[in-house]
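Student: What shape does this take:
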Amino acid sequence: MKKKMLTAAFCAAVSMALCACNTTGPAGAKNPTVTVAPTATSAPTATPTAIEEAYAGLPISDYEDYVATTVLPKDYVGMEVEKITEADVDLYVQEVLENNKVRQLKEGPLELGDIAIIDYTGYVDGVAFEGGSEVGRELELGSGGFIEGFEEGLVGAKKGDSVTLNLTFPIDYWAPDLAGKDVVFEVKINSAAAMVVGELTDEFVTNLTQGDYTTVEDFREYATGFLTEQRKYSSIMDYLVENATFGKFNEEYVQEAFALEKEYYAMMYGYDSVEAFEEAFTAEVSAVLWQMVEDEIRRYEQDRVVLYCVAKEQNLSFADEEYTTAIEEYAASNGVTVEELYKLQSEESLRQSMLMEKALEFLLDSIVEVEKEAE
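Tutor: Here you go, the predicted model:
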C-alpha cells in the first residue's frame, strides 16, 4: 500500500476535510467514528468553489527552506517493526464486524439503537397538521431524527403495537406555526429490527467489499497486508516526527489552513459563520474539534518536512521522465488533469511533493519485519 502524500493545496481543495477522523479499510468498511451533528439552521454563504480558491491561495511551503534547520533522528533507515499476527487480524476483523452490523428482525421490545418501520400522524389541537404524517418511515431510535421524546417514547414498544406520544415542539422549531405547541403523535410499529454483530462469511465479505474480495481467506489476507503497511507507515513517521528537531516552520500555513478548515466545517453543516457553528455545537465540543483539526494540520506539515529532508539526506531525485510519469499517475488517481494540478500549485512545489512520496517509499521498503517477542 502506498501512502500518498497529497500536495498541500490539492489535498485541501478536493478532500473536503483535512482532519478526517477515521481510518478506512476495504470499500465500505470504516473504523468507528463519533459524529455530533447539530441540525442545520441556515444556508451556507461560502460555496465549495470559494473554499477551493481560498485553499489554493494558502502560503505553500518551499521545503528546501527547511533542510538546513531540520535535524533528523539517527537510525531511521532499516527500522525494525513487529510482524502482524493472527491475533492482530482477529481484532481488525472484529472491529469491521462491529462497525458493519447487520439487521435482524426482532419480536421483543424496541431499544435505543434498534430500527423500526412506523406509520405516524401528528395532531395539534386535535387536527392533523400538514407534514406531520408518514407511512412506512424507517427510524433508528436514538438517531435524533424526530423531536425530543418521540424516539424515546417508542422504547419498549413491539411490532404491531400502537403508541400515543404526548409531546411539545421546541420553542425554536423551524416551523413558526408549530414552535412551542403541544402535539400528539399516533404511531404504529409495523416491524422492528436490531442491529447485531454478524459473522465473517464469504457473503459478508463480498457485500462489504463490493466484490473486491469474495472469501474469508482473501479478506484476512487483505487485512494482513493493510495492517502491515499501516503499522510500517505509522511506526516510521511517528519516529521521525517525534524525534526530529524542527527549526524553521511554516506556522503561517498552519494557522491559515486552520482558519479555512473551521469555515469549511461551518459550511458543510449549513451554518453561515464559524460562530454559529460553535454555538450549535457548544463551546466545549467545538474546542475539542478545533484542537483535533489544528493538530492534524500541523502534523501534516511536519510529515512533509521530514520526508523532504529524508529525500535530500538520502540523495533521492526524479529524472524528468520519471517525474512526468509520476505526476500523470497522481493526477489520474485523483480524477483531475495535470493542468488542473498546476492551477493549484507550481511545478516546483509538485516536484517537491513527488520527492516526498519517493522518500516515503524508500523508508517503507527499508523496514525490517521481525517476529513479536513472546510475552
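
Student: what about the helices in this structure?
Tutor: 8-14, 48-56, 86-99, 150-153, 202-208, 216-243, 251-268, 274-281, 283-313, 320-333, 338-344, 347-366 (DSSP state H).

Student: Next, work out how far apart Ala326 and Val338 are.
Tutor: Distance, Ala326 to Val338, by CB to CB, to the nearest Å: 11 Å. Any C-beta I mention is one placed from the backbone N, CA and C, and that applies to glycine too.

Student: neighbour count winner among the two?
Tutor: Legend: neighbour count by other CB atoms under 10 Å for Ala326 and Val338, higher for Ala326 (18 against 14).

Student: who's in contact with that one?
Tutor: Residues counted as contacts of Ala326 (CB atoms under 8 Å, 6 or more residues apart in numbering) are Phe318, Met354, Glu357.

Student: give me that answer again for 6 Å
Tutor: Ala326 makes contacts with Met354, as judged by CB atoms under 6 Å, 6 or more residues apart in numbering.

Student: and if you look at Ala194?
Tutor: Counting by CB under 6 Å, 6+ apart, Ala194 touches Gln104, Lys106, Asp114.

Student: how about a cut-off of 8 Å?
Tutor: Per CB under 8 Å, 6+ apart, neighbours of Ala194: Arg103, Gln104, Lys106, Glu111, Gly113, Asp114, Ile115.

Student: what's the answer for Asp218, then?
Tutor: Val205.

Student: quick one: it and Thr224, what's the gap?
Tutor: 11 Å.

Student: quick revisit: can you redo the helices of the chain as a markdown table with mean pLDDT?
Tutor: Putting the helices of the chain into a markdown table (pLDDT from 0 to 100) gives the following:
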| stretch | mean pLDDT |
| --- | --- |
| helix 8-14 | 37 |
| helix 48-56 | 52 |
| helix 86-99 | 96 |
| helix 150-153 | 96 |
| helix 202-208 | 94 |
| helix 216-243 | 96 |
| helix 251-268 | 89 |
| helix 274-281 | 89 |
| helix 283-313 | 93 |
| helix 320-333 | 88 |
| helix 338-344 | 84 |
| helix 347-366 | 92 |
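
Student: Deepest-packed of the ones you listed, please.
Tutor: Burial of the helices of the chain is given as mean neighbour count (mean count of other CB atoms under 10 Å); helix 8-14 ranks first at a mean of 22.

Student: Skipping adjacent residues, who's closest to Thr206 in space?
Tutor: Leaving aside its chain neighbours, Thr206 sits nearest to Thr214 (4.9 Å; criterion: CB to CB, 6 or more residues apart in numbering).

Student: if we can go back for a sec, now, which of the contacts of Ala194 sits nearest Tyr239?
Tutor: Gly113 (40.3 Å; CB to CB).

Student: show me what contacts the spatially closest residue to that closest one that is not a sequence neighbour?
Tutor: Excluding the flanking residues, the one nearest Gly113 by CB to CB, 6+ apart is Gly142, at 5.7 Å. Each residue near Gly142 by CB under 8 Å, 6+ apart is listed here: Leu112, Gly113, Glu151, Glu152.
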